[in-house]
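coords below, sequence missing:
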């Protein structure tokens, strides 16, 4: 139950952040606002790290899969693409497309066992659910 609540909170925060970031971009530029977003996230993370455990940053160097450290780089492009999509489509349409894209790519990652994720068998029920989500976007758009 906690996982469901956290996922719902994450989705809500992502939608709000997309609107905030798009508004900040209007006052400056895409890369200035994105830099500020990433910098402010760094500050919050460092403060949380200071108060919650202080694990060593050096342990990152011992990671067997160095590609996993690209999350921050991807995060910068997530911020940029969300800003662009909210500006072009509005919050609701962009959020629906973002969620369906996340669902499709996540299912593909599970099916193919990419990035160390346990490989899962194909299920028609899940494919049908994704098709239903896509139909929902088409209905919402028109």
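Thanks, I have it. Predicted model only: the values in this text are computed from it and were never measured.

quick check: which element contains the residue nearest the centre of the chain?
Central residue of the chain (Cα atoms, centre = their mean): residue 78, 6.4 Å from the mean position. According to DSSP states H and E, residue 78 maps onto helix 71-89.

now the element after that helix, going C-ward?
Counting by DSSP H and E, what follows helix 71-89 is helix 91-112.

and after the biggest helix by length in the chain, which helix or strand comes next?
Determined from DSSP state H, the single longest helix within the chain is helix 2-27. Going down the chain from helix 2-27, the next helix or strand is helix 30-52, by DSSP H and E.

that following helix packs against which elements?
helix 2-27, helix 71-89 (3 or more Cβ pairs under 8 Å, 6 or more residues apart in numbering; DSSP states H and E). To be clear about C-beta, it is placed using only N, CA and C from the backbone, and glycine gets the same treatment.

for the protein, name the helix or strand with the lowest mean pLDDT.
helix 124-141 (a mean of 90; mean pLDDT, DSSP states H and E).

which other helices and strands contact that helix?
By 3+ Cβ pairs under 8 Å, 6+ apart, helix 124-141 packs against helix 91-112.

what are the contacting residues of the helix it packs on?
For helix 91-112, the external contacting residues (Cβ atoms under 8 Å, 6 or more residues apart in numbering) are 11, 14-15, 18-19, 82, 85-86, 88-89, 114-115, 117-122, 126, 130, 133-134, 136-137, 140-141.

what's the local residue count around the closest residue to residue 75 other than its chain neighbours?
Distance criterion Cβ to Cβ, 6 or more residues apart in numbering; nearest residue to residue 75, sequence neighbours excluded, is residue 38 at 7.0 Å. Number of residues near residue 38 (other Cβ atoms under 10 Å) recorded here: 13.
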